[in-house]
Each structure stands twice: as structure tokens, then as C-alpha cells.
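K.L.:
When you get a sec, could you give me coordinates for this:
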Amino acid sequence: MSSDPLVGQLDFDPVALKQKYADERDKRMRPDGQRQYAGTAGKFAAYGRDPWADPDFEREPIRDHTAVIVVGGGFGGLLVGARLREAGVTDVRLIEIGADFGGTWYWNRYPGAMCDLEAHIYLPLLEELDYAPRHRYSYGPELLEHSQRIGKEYGLYEKALFQTSITEATWLEDRQRWLLTTDRGDELTADHMVLACGRQSLPKLPDLPGIDVFRPRTFHSSRWDYGYTGGDSEGDLAKLRDKRVGIIGTGATAIQIVPEVARWAKELVVFQRTPTTVGVRGQCETPADWVDRSQPGWQKTRRENFQSYLLGLRPDKDSVHDGWTETLDVLIPETTAALAHRLGREPSAEELRYFSEINDYKVMNGFREWIQDVVDDPETAEALTPWYRWWCKRPSFHDDYLAAFNRDNVALVDTHGQGVSGFTETAVIVGDEEYEVDCLIFATGFEVAIPYKRLAGFDVTSRGVALSEHWRGQVRTLHGVSTDGFPNLFFVGGNVQTAMAVNAVHLLDELSQHVAYIIAEVRARGASSVEPGPESVDAYVDVIVHSEKNKAAFQFFAECTPGYYNGEGNAKTDEDLFSGGRYGDGALAYYDLLREWREAGGMEGMRFGDLETNEIRG
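P.N.:
Alright, predicted model coming up:
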């Protein structure tokens, strides 16, 4: 045991542990990086089909004008629609590729699906709708129901177009409006267009040899086949009782699926590339008085309290008190000011990095001990043990995942970081071994860090320039919500030059309020268009590019074990990691930036167009 005045007594060797992390990372490095995955195109097209929609759905093409068209019907699109209506903009149309609202929670109907943050800070518009979640972590059906509730309460179903994909969007300069065409033959115009394209909508699959000849039933977790498994999202997968089921993936989705399938399948084989950090969730039912909802602004206050903990600001009270905040108590036991007081001097930058690294080791040692305590078989427990820093992969909290590997019908196949090798007609290949299965479930997540054109599914053109070309050299935005040269176009979601936020719905809400304010203000001023000037965009991009905290974050993630946070370990620049970078001072500072900009009232950096006079002002 060693002692250090900065970090106290240590019962582990940090040098040896750091080397262990590096060795485990190196085992997982692959030259193909993100190319090891494919989207749902070409030979994988069947994996992208919508199992929840009416395949025979038809409707007549629509040709009309709307004040605002919102692309996307997930929480982002719903929040934009709701906040616009609150701001007095009622002529809103949402366009969604699925057959209903919900986004992530429309697609993810697999058994055991639930949010991984406390429902009272995750579900949008709880205060506005006076709704109390039924569980501490809401299950999939409730999350879908809540999406539908928002759509109904805010009148967003009235003009919504479902099972519809946009094929092209063009700014009509002479008419100062957007023209959109769709795969349903629609020709739609709008004064403003908001792209609320979610990050978890495009399934990704391992592009492995033999998948073309693999005969067992296969499907992606977001396209669950209940016709094959039986049951529904609440369980009762009785048709699996005589089946040997394989699951590829041990990330956030698999952690929820594995315990459910384990209860029903004759055998379950889980194929793991990299283990996930798993802690106690503490799921429980929540009565209506679980949270004091009597105080105006209670949800915003609770969200900010949670975010303060994640940023190490250590508020006086931990309102959420979950696995996230309890972990942060160990990860950041002292603020920088408190550390300086204890040392009697200001710590150096190198000391702060070392202090953070040691506390990270302590946190992960605790999770590793927890795994050893829960999993009976030592070899399986070791394979399930993560060897990387806390923030390298999004941690998970679940009460049944680890214990599922104590069941006689569950086996873990550790691929030692290389993943599945390929397929025969009937088996999954790992190295020299073949594993026969009747059904294979791809819990392999969604495409991330992809070009915005790929995320949206279409390109956007203004004044003869496509957005994909405009952003070819560098993503360019003002505050992450608009870009120069593209009037009346706004972004909500996709995390382009906004903030890193564990609670993505909190971020979506802040962005939605900001965009709704801009659109309402433009209408109040009688302007026909608004766009940021190039100089204001340049200034904001400089803030992102030259952020020392962003550079430190890039260095941190570049040293992490491969995953979607770091381009599967092959990111060369922070552009690769963050699709345009993030506001370096964190989510709360970013939200303050947006709020202060609105409160100033001058729409600083924006230019307004007037269709009647053909003038640009501002």
C-alpha cells in the first residue's frame, strides 16, 4: 500500500493498471475501424424494415404550405413542436419515417427496454403535462405512450405525415421558403424547416463474411421479431423455449435484452467483444409523490442538479441520487477549489490530471469488485470485467444482467476484443470455433458519427450549395442550431457543435426552446428569413476548435478502448470523434450561453431577410 499527499493511500499499482488498460485496448484495435459495420442498405435492407407499420399503407400526395416543417417525430421533433406551440406558432407539420411518434422508443420495443436515466429527468414535458412516471426508469411501452401523449396534447397529430421520407429539400430564394419532396409524391413548402434527426434511428450491423448464407432467423434489436419469439415488450417469449439463441453485443441494449431472453430460451449464447461497466440500477415503482412536483420548474431544476453532479460542481443536495451521481461522488470527491484548500496551494494541471486518473481507477475497481461478487464462475466474471476509464464507454446500470450469467442455460463467448469472425450456414464463427444457433439477435446499436446527410437521409440545398458541401471541410454553425447560407434552417439533435450531455433529452429541450424563440421572434419582426452571418459562425467555430477542454477530451477518448465514442479507436482528429466538436465548457455553460443570447434580445449574429424589399439586415 502506497500513500500520496495528493490522492491518499492506494491499495493498487496505478502504473500496472494503466498498462493493463493499454494492453486491453490494443487487443481490440482493428484496422477497419468503423468500416467493420454496415448500415441497413444493400444486402442489409431487410434489417431496416419497419415491423410496427402497415406495409400496405397508402395515401394521396399532399401539396400545401406550412409555417414550420419539423423532420423527425422522436423526442426532439416532439419538443420542437410543443415549444413552437407554446411560443404561439401553431401551424406545424412533423414528418416521420415511422408509423407513429416516438423515435428511439418507436423502434426499440425489445423485451426489457427502458431508459437508462431516471424517468423524472429523462421524459420530456412532465411538468407541462402533469405526468408522473410509473417507474424510476420507464419501460419502453410507457416511453412510447408518453410520446403519443405529447403528440395528442399539443395537437401534433393533426398535420403529421407518418411512413414518409423526405427525398429533397431546397431553399427557394425568390419565395423565401423551403420546398420539400417526399417518397409519397408530396410537394410541401414551409417558411422554416427544423431537422430533428435523432442519433439512434439507423441500425448498424457487423459486415462479416458469410452473413449472406447464414440461415437461422436474424434481426436487429430495434426491429424485434415477436412473431418468432412470441410475447411482447413485457416478456412471455414462449416460442424460444426450444431455441438456442445468440446475441451479438454486450452494450446498453444487450444489457437489457439478455436477462429477458435468458428467462425463456432453451439456451442463450452471448458474444462479447468488450464488456460494459455495469452497476446497480435500483429499479422500482414510483408513486405520484416520488418527486415533489408542486414547485414550478421542478423538472428543469432536477435536470440541472443531475447535470451539476456530472460536471463535478457538487451541489449541496443530490436530488436524483442514482448510480450516476453516486459514482461521481467517488470520481470527483473534491472540487478544484476544495483540493486547493486541502493542499494549501493551487494544484498544477498535471496534478489535476493525475488526481482525476487515480479517482477513475478507484471507481472502476469498485465496479470490478461488484462483478466478482455477483458472477459465480470466476472465468466468466473475469471476461465480464471492464478494463478502461469510466467515461470511455457509456456505463450501464441494471439489476439482472450480471446475474443472468449464473443461469445454467446462459453462456458467454468472449471474443477477446476481436468480435465475431463470420458465419457458416448454421453457425457463428469466433476464431476457430463454431456456435450453432437457431436465432441470432444483433444488439449492435446504431450508426453514429456519420455525415449529416446520412443521418437525415437526404441533402439540403440553398442558393445552389448542398449542406454536405458547405460542411465538407468543417462543420459550421452558430450555437449548433443554424448555419450561414441556409436561411430558416435549424438543427435539433445530432449533437452538431452543441454540448456533451448524458441526458440527451435535456439537451433537446434546451435546443427546442432556443429554436422556437428564434422562429417566433422572426415572425414577430415581420422578417421573411433569418440566418447567421458568416462572421458570427466563424467566431463560434473558433470557440469550438480552439477549446483546450475539447483538446483534452480528444486526447482522453483517443486513448480509450475502441468504441463509438472514438471512431472504434481510429479517430485522427476531434472532428472524427465529435462530428463538429462540442462546446468545451460543458452542458450547463452551453445552456447558459443560449439563455443569455435570448435574454439580450438583439438576435446577435443573425441576419434578417425581407421578401418585399429584397433587403438583408442585421
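
K.L.:
which residues in the stretch 501-618 of the chain form strands?
P.N.:
Along the stretch 501-618 of the chain, counting by DSSP state E, counting those that start in this stretch, strands occupy 529-532, 606-610, 615-617.

K.L.:
Out of those strands, name the one with the poorest average pLDDT.
P.N.:
When those are compared by mean pLDDT, strand 615-617 comes last with a mean of 62.

K.L.:
Poorly predicted segments of this structure, please.
P.N.:
Confidence mapping of the chain against pLDDT under 70 gives the ranges 1-2, 199-200, 449, 571-580, 612-618.

K.L.:
Quick check: residue 471 vs residue 497, distance?
P.N.:
10 Å (Cβ to Cβ, to the nearest Å). Quick note: C-beta positions are derived from backbone N, CA and C, even for glycine.

K.L.:
So between these two, which is more surrounded?
P.N.:
The neighbour count for residue 471 versus residue 497, taken as other Cβ atoms under 10 Å, is higher for residue 497 (27 against 18).

K.L.:
Give the helix, strand or coil label for that one.
P.N.:
coil (DSSP: H, G, I helix; E, B strand; the rest coil).

K.L.:
need the contact list for it.
P.N.:
475, 477, 479-480, 540-541, 544, 580-583 (Cβ atoms under 8 Å, 6 or more residues apart in numbering).

K.L.:
who touches residue 499 in this structure?
P.N.:
So residue 499 contacts 480, 507, 582-583, 586-587, 589-591 (Cβ under 8 Å, 6+ apart).

K.L.:
Next step: those restricted to helices.
P.N.:
By the criterion of DSSP state H, membership of the contacts of residue 499 in helices covers 507, 587, 589-591.

K.L.:
Show me the two of the residues you listed that sit farthest apart.
P.N.:
Maximum pairwise distance in the ones in helices among the contacts of residue 499, criterion Cβ to Cβ, is 12.8 Å, between 507 and 589.

K.L.:
Neighbour count for the two, which is higher?
P.N.:
residue 507 (24 against 12).

K.L.:
Now the more buried one: closest residue in space that isn't a chain neighbour?
P.N.:
Spatially, and ignoring its direct neighbours in sequence, residue 507 is nearest to residue 501 (4.1 Å; Cβ to Cβ, 6 or more residues apart in numbering).

K.L.:
Tell me, how many residues neighbour the one you found?
P.N.:
21.

K.L.:
didn't it look like it was pressed against residue 307?
P.N.:
Yes. With contact defined as Cβ atoms under 8 Å, residue 501 counts as touching residue 307 (7.4 Å).

K.L.:
Quick check: neighbours shared by the two?
P.N.:
Contacts common to residue 501 and residue 307, judged by Cβ under 8 Å, 6+ apart, are residue 587.

K.L.:
so what does the helix ranked longest in the chain touch, helix or strand wise?
P.N.:
Among the segments of the chain that qualify as a helix by DSSP H, the longest is helix 349-374. Packed against helix 349-374 by the contact rule (3 or more Cβ pairs under 8 Å, 6 or more residues apart in numbering; DSSP states H and E) you find helix 14-28, strand 278-279, helix 323-331, helix 336-343, helix 378-383, helix 401-404.

K.L.:
right, and those - which one's nearest residue 394?
P.N.:
From the helices and strands packed on helix 349-374, taking Cβ to Cβ, the stretch that ends up closest is helix 323-331, at 10.5 Å.

K.L.:
re the thing from before, could I get the contacts of residue 499 as CSV with distance to residue 140?
P.N.:
Output for the contacts of residue 499, formatted as CSV (distance: Cβ to Cβ, whole Å):
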residue, distance to residue 140
480, 29
507, 21
582, 29
583, 31
586, 30
587, 26
589, 33
590, 30
591, 28
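
K.L.:
In PyMOL, select just the buried ones from the residues you listed.
P.N.:
The PyMOL selection below is limited to those of the contacts of residue 499 classed as buried (16 or more other Cβ atoms under 10 Å):
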select buried, resi 480+507+582+583+586+587+590+591
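
K.L.:
Nearest to residue 149 among the contacts of residue 499?
P.N.:
Nearest member of those to residue 149, counting by Cβ to Cβ, is residue 507, at 21.1 Å.

K.L.:
surely the closest one meets residue 588?
P.N.:
No. In this structure residue 507 lies outside contact range of residue 588 using Cβ under 8 Å: 11.0 Å.

K.L.:
Now do the helices in the stretch 1-150 of the chain.
P.N.:
14-28, 75-86, 104-107, 119-122, 126-129, 140-153 (DSSP state H, counting those that start in this stretch).

K.L.:
so which of those helices gets nearest residue 170?
P.N.:
That would be helix 75-86 among these, by Cβ to Cβ, at 20.8 Å.

K.L.:
got the angle between the closest one and helix 140-153?
P.N.:
Relative orientation of helix 75-86 versus helix 140-153 (axes from the mean of the first three to the mean of the last three Cα atoms, to 10 degrees): 30 degrees.

K.L.:
Report all helices and strands that helix 75-86 contacts.
P.N.:
By 3+ Cβ pairs under 8 Å, 6+ apart, helix 75-86 packs against strand 63-71, strand 92-95, helix 140-153, helix 504-524.

K.L.:
Adjacent strands (with direction) for the first one?
P.N.:
What that stands for is strand 63-71. With DSSP bridges as the test, strand 63-71 is paired with strand 92-95 (parallel), strand 187-195 (parallel).

K.L.:
which one of those lies closest to residue 31?
P.N.:
With Cβ to Cβ as the yardstick, what comes closest out of those is strand 187-195 (33.7 Å).

K.L.:
Return the most buried member of the strands of the stretch 501-618 of the chain.
P.N.:
Highest mean neighbour count among these (mean count of other Cβ atoms under 10 Å): strand 529-532, with a mean of 24.

K.L.:
Can you list the strands that it pairs with?
P.N.:
Assessed with DSSP bridges, strand 529-532 is paired to strand 606-610 (antiparallel).

K.L.:
what angle separates the partner strand from helix 504-524?
P.N.:
40 degrees.

K.L.:
Just the CA trace of strand 606-610, in PDB.
P.N.:
What follows is strand 606-610, C-alpha atoms only, in PDB (Å, rounded to 0.1, in the frame of the first residue of the first chain):
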ATOM      1  CA  MET A 606     -28.300  36.900 -37.100                       C
ATOM      2  CA  ARG A 607     -29.300  38.500 -40.500                       C
ATOM      3  CA  PHE A 608     -32.900  39.100 -41.400                       C
ATOM      4  CA  GLY A 609     -34.400  39.000 -44.900                       C
ATOM      5  CA  ASP A 610     -37.300  41.000 -46.200                       C
END
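
K.L.:
and residue 490, backbone torsions?
P.N.:
phi -140, psi 150 (degrees, to the nearest 10).

K.L.:
quick one: it and residue 522, what's the gap?
P.N.:
11 Å.

K.L.:
Looking at those two, which one has more neighbours?
P.N.:
Ranked by neighbour count (other Cβ under 10 Å), residue 490 and residue 522 place residue 490 first, with 26 against 22.

K.L.:
Does that one touch residue 479 like I think?
P.N.:
No. The criterion here is Cβ under 8 Å, and residue 490 misses it with residue 479 at 10.3 Å.

K.L.:
ok so, going back, relative to residue 76, which of the helices and strands packed on helix 349-374 is closest?
P.N.:
With Cβ to Cβ as the yardstick, what comes closest out of the helices and strands packed on helix 349-374 is helix 323-331 (22.0 Å).
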